[in-house]
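J.: give me the fold of what follows.
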Amino acid sequence: MIKKILRLPLPIFLISLSIAFSPSISFGELGGHQAFEIWTEDILLLIFVSVWFANFLLSHKNAIKPKPPLALAISALVGFLLISLLINIILNNVDAVKGVLFFLKEVEFFILYFYIYAHLKYTAIPALFKLWVALGALNGLWILFQYFTGLHITYYYGPMAIIEPKAPFISGGFF
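T.: As a prediction, this is how the structure comes out:
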């Protein structure tokens, strides 16, 4: 199993680990004591997608093939989210900076989906699934450890689990 996991494309392996363990760099606050943080997966995804896009442009291809499943539905959802965000910014229902950052995080998840789809061969899917199950199990064990030991570490504004405020680390929900 470990040999198959280690055969995953390095960018996907690194992104999976960075999502699971959520290391981040804090750049201050957004107001209301909410930290503005850049997560490692944000940086890795920016680098890997930039290289992927540059290679795509240099290859002189007209389109990415095969087309990812749900591409049209995801594009429609992103368009709807953008229109909703703009309307709410105009009506002053949301803080513009927070709204844009949350919107960009949603777009990032979809970019991650397309990136993994484009770079993962069918034979590597079971290995990626096993990696995510292992990281999810690690997440579950950490939560149980905290629960049974009564461990309460705080970071910014709530209980912390593997450096992620107010929740178990992000892999629990994301994976």
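J.: low-confidence bits of this structure, can you list those?
T.: Scanning the chain for pLDDT under 70 picks out 1-7, 22-23, 30-34, 65, 122-123, 152-175.
J.: strands of that one, start to end?
T.: Ranges of strands within the chain are 24-29, 35-39, 154-155, 158-161, 164-165, based on DSSP state E.
J.: isn't Asn15 right up against Asp42?
T.: Check again: residue 15 is Ile, not Asn. No: judged on Cβ atoms under 8 Å, Ile15 makes no contact with Asp42 at a distance of 10.1 Å. No exception for glycine: its C-beta is placed from N, CA and C like everyone else's.
J.: more neighbours: which of the two?
T.: Comparing Ile15 with Asp42 by neighbour count (other Cβ atoms under 10 Å), the higher total belongs to Ile15, at 19 against 16.
J.: how about stretch 45-60: buried residues?
T.: Buried residues in stretch 45-60, counting neighbours by 16 or more other Cβ atoms under 10 Å, are found at Leu45, Phe48, Val49, Trp52.
J.: those in helices, which ones?
T.: Leu45, Phe48, Val49, Trp52 (DSSP state H).
J.: is it true that the last one touches Ala118?
T.: Meaning Trp52. Yes: taking Cβ under 8 Å as the contact criterion, Trp52 and Ala118 are neighbours in contact, 7.2 Å apart.
J.: what residues are up against Phe27?
T.: Applying Cβ atoms under 8 Å, 6 or more residues apart in numbering to Phe27 gives the contacts Phe36, Glu37, Ile38.
J.: what about the spatially closest residue to the second one that is not a sequence neighbour, how many residues nearby?
T.: Nearest-residue entry for Glu37: Ser24, 4.2 Å, with adjacent residues in sequence omitted and distances by Cβ to Cβ, 6 or more residues apart in numbering. Neighbouring residues of Ser24 were enumerated by other Cβ under 10 Å; the total is 19.
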